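In: make a model of this:
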Amino acid sequence: MTATKTLETPIFQLTVGEFLTILKQEHKSPVSITPQVPEIFGAKTFKEITGYSFASIYAKTSKNELPHFKRDGKLFFRRDEVMDWLTANPVATIQESCNLLDEKLTKKGRRAGI
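Out: Here you go, the predicted model:
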């Protein structure tokens, strides 16, 4: 015979209701897996964050393609500037591209009197 399960059915010393409460609490405050990035950091941390090689980092900073500053011959980066730089050129999704094209075609049709 199968026992009916209710919110009071124990699960490893927890009732279903207690388990659901725990699940809801976990979704409200997710645990961050990635460690906090300091406000100012060096090339090693930049490499870990972005995946760029040291050669690429030094090449881009020498061409002033990356937001950076130097102190005593060492490279430093500001977290906010790097995050802004990383997200500066978003690629549109297919849906966004279709919506943009629809808008352009609609405007063009209005101008042509269609």
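
In: only C-alpha atoms for contact and neighbour calcs from this point on.
Out: OK.

In: which stretches of the protein have low pLDDT?
Out: For the chain, applying pLDDT under 70 flags the ranges 1-5, 9-12, 26-35, 109-114.

In: can you give me the strands for it?
Out: Assigned by DSSP state E, the chain shows strands spanning 10-11, 14-15, 40-41, 69-71, 74-78.

In: what is the longest one packed up against?
Out: Counting by 3 or more C-alpha pairs under 8 Å, 6 or more residues apart in numbering; DSSP states H and E, the packing neighbours recorded for strand 74-78 are strand 40-41, helix 43-50, strand 69-71.

In: how far does stretch 55-71 sit from its chain's centre?
Out: Stretch 55-71 has its C-alpha centroid displaced from the chain centroid by 23 Å (C-alpha atoms, centre = their mean, to the nearest Å).

In: number the chain from 2, please
Out: That works, and once the first residue is 2, the last one we named lands at stretch 56-72.

In: buried residues of that stretch, list them for me.
Out: 58, 62, 67-69 (16 or more other C-alpha atoms under 10 Å).

In: which residue ranges of this protein form helices?
Out: 17-29, 44-51, 55-63, 80-87, 95-113 (DSSP state H).

In: not counting sequence-adjacent ones, nearest residue to residue 69?
Out: Distances taken as C-alpha to C-alpha, 6 or more residues apart in numbering put residue 78 closest to residue 69, at 4.8 Å, once the chain neighbours are dropped.

In: next one: residue 70
Out: residue 77 (5.4 Å).

In: and the one you found, how many residues sit next to it?
Out: 18 (other C-alpha atoms under 10 Å).

In: give the contact list for it.
Out: Taking C-alpha atoms under 8 Å, 6 or more residues apart in numbering, we find residue 77 in contact with 41-44, 69-71.

In: tell me the one of those nearest residue 97?
Out: residue 69 (32.4 Å; C-alpha to C-alpha).

In: the closest one touches residue 80, doesn't it?
Out: No: look at residue 69 against residue 80 with C-alpha atoms under 8 Å: they stay out of range, at 10.1 Å.

In: excluding chain neighbours, give the residue nearest to residue 67 in space.
Out: residue 61 is the one closest to residue 67 (C-alpha to C-alpha, 6+ apart), at 5.9 Å.
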